[in-house]
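Participant: Sequence plus predicted model, see below.
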Amino acid sequence: MNDDSRPTTADALRFAFGTLTVLPVRVRRWDGRAARGGMLAAPLAGAVVGLAAAGCGGLLRALGAGPLLAAVGAVAVPAVLTRGLHLDGLADTADGLGSGKPAEDALRIMKQSDVGPFGVVVLVLVLLAQVAAVAQCYGHGWRYGCGAAVTAAVTARVALTLACRAGVPPARPDGLGAAVAGTVPVPAALAVPAACAALAAAAYAPFGGLTPLRAAVSVALALLTAEALLRHCVRRFGGVTGDVFGALAESATTVALLPLALR
């Protein structure tokens, strides 16, 4: 298909689900316009992943499992639905940043198939934090726990949309980072987080009290954390890579869960 033709909504959804999930979706376009639509649709892919995670956790709770086992299931589902790519990206980015090497050497370290000590430590701590936070959320009730799983998954993909805004360069000339970097206009990239925070607050309105505000704050804190990590990676590596996107997603997931767990 001609790259100059306007991509359809279906093209955008195929790009989002084909690159961010293991669902059997064929990406038919790999150009900048399709990438822009796909990354704007990334939160929808996150919603599907989050609903699957919530469904697993909720089912385990319905079958009599405790909050901890439900949390393990809810955290495992996103890993399965992404082939563990985001977790792998988190570990590789930690190794690259922890190496203290110049950008070229750090990027080479990130491309290696093995995981170094920095990656292992960060990966273990992040997974423990996610399981502990989700377990705490399920301890407040299965509906609350399911809502936390969806909120975290959507927020993680919103962080990717924000990271694809114009002005953020790729660190390499190839790969997913090069395909999506700088494709999303800044106004659209800023509108998506605002919409996500508003929807999170609305979703938690039935719980009353300060819970809606806590939900909005969780989204804001997660995205601010991802933004800080993004800027650090751009300074260190000269831009973004697919691994950096994975690190952003997992960091945003973890931070989004923490305020919700402290209810």
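Facilitator: Noted; the coordinates are in hand. Residues are numbered from 1 along each chain as shown.
Participant: pLDDT weak spots in the stretch 1-150 of the chain?
Facilitator: Segments of the stretch 1-150 of the chain classed as low confidence (criterion: pLDDT under 70) are 1-4.
Participant: Break down it into its helices, ranges please.
Facilitator: Counting by DSSP state H, counting those that start in this stretch, the stretch 1-150 of the chain has helices at residues 9-20, 32-40, 42-62, 67-81, 85-99, 103-111, 117-139, 142-163.
Participant: So which of the ones you listed is nearest P193?
Facilitator: Evaluated with Cβ to Cβ, the helices of the stretch 1-150 of the chain place helix 142-163 nearest to P193, the distance being 5.4 Å. Placement of C-beta: from N, CA and C, glycine included.
Participant: what's the spacing between stretch 235-253 and its chain's center?
Facilitator: In this view, stretch 235-253 has its centroid 10 Å away from the chain centroid, taken as Cα atoms, centre = their mean, to the nearest Å.
Participant: I'd like to know which of the helices of the stretch 1-150 of the chain is closest to R235.
Facilitator: helix 103-111 (9.2 Å).
Participant: buried set for the closest one?
Facilitator: Neighbour counts using 16 or more other Cβ atoms under 10 Å place 106-107, 109-110 of helix 103-111 among the buried residues.
Participant: Just send the residues you listed back as CSV, with distance to L85 too.
Facilitator: As requested, the buried residues of helix 103-111 are exported to CSV (distance: Cβ to Cβ, whole Å):
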residue, distance to L85
A106, 19
L107, 17
I109, 18
M110, 13
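Participant: Out of these, which comes closest to D95?
Facilitator: Nearest to D95 among those, counting by Cβ to Cβ, is I109 at 5.5 Å.
Participant: didn't that closest one look like it was pressed against G116?
Facilitator: Yes. With the criterion set as Cβ atoms under 8 Å, I109 and G116 qualify as a contacting pair; they are 7.2 Å apart.
Participant: what's the closest of the helices of the stretch 1-150 of the chain to L248?
Facilitator: Taking Cβ to Cβ as the criterion, L248 comes closest to helix 142-163 out of those, the separation being 4.8 Å.
Participant: what's the very next helix or strand once past the closest one in contact with?
Facilitator: Once helix 142-163 ends, the next helix or strand along the chain (criterion: DSSP states H and E) is helix 175-180. Counting contacts by Cβ atoms under 8 Å, 6 or more residues apart in numbering, the residues outside helix 175-180 that touch it are 19, 30, 32, 35, 38-39, 164, 170-172, 239-242, 244-245.
Participant: ok, back up a step: point out the most buried one among the helices of the stretch 1-150 of the chain.
Facilitator: helix 142-163 (a mean of 27; mean count of other Cβ atoms under 10 Å).
Participant: elements contacting it?
Facilitator: Counting contacts by 3 or more Cβ pairs under 8 Å, 6 or more residues apart in numbering; DSSP states H and E, helix 142-163 is packed against helix 32-40, helix 42-62, helix 67-81, helix 117-139, helix 186-203, helix 211-237, helix 242-261.
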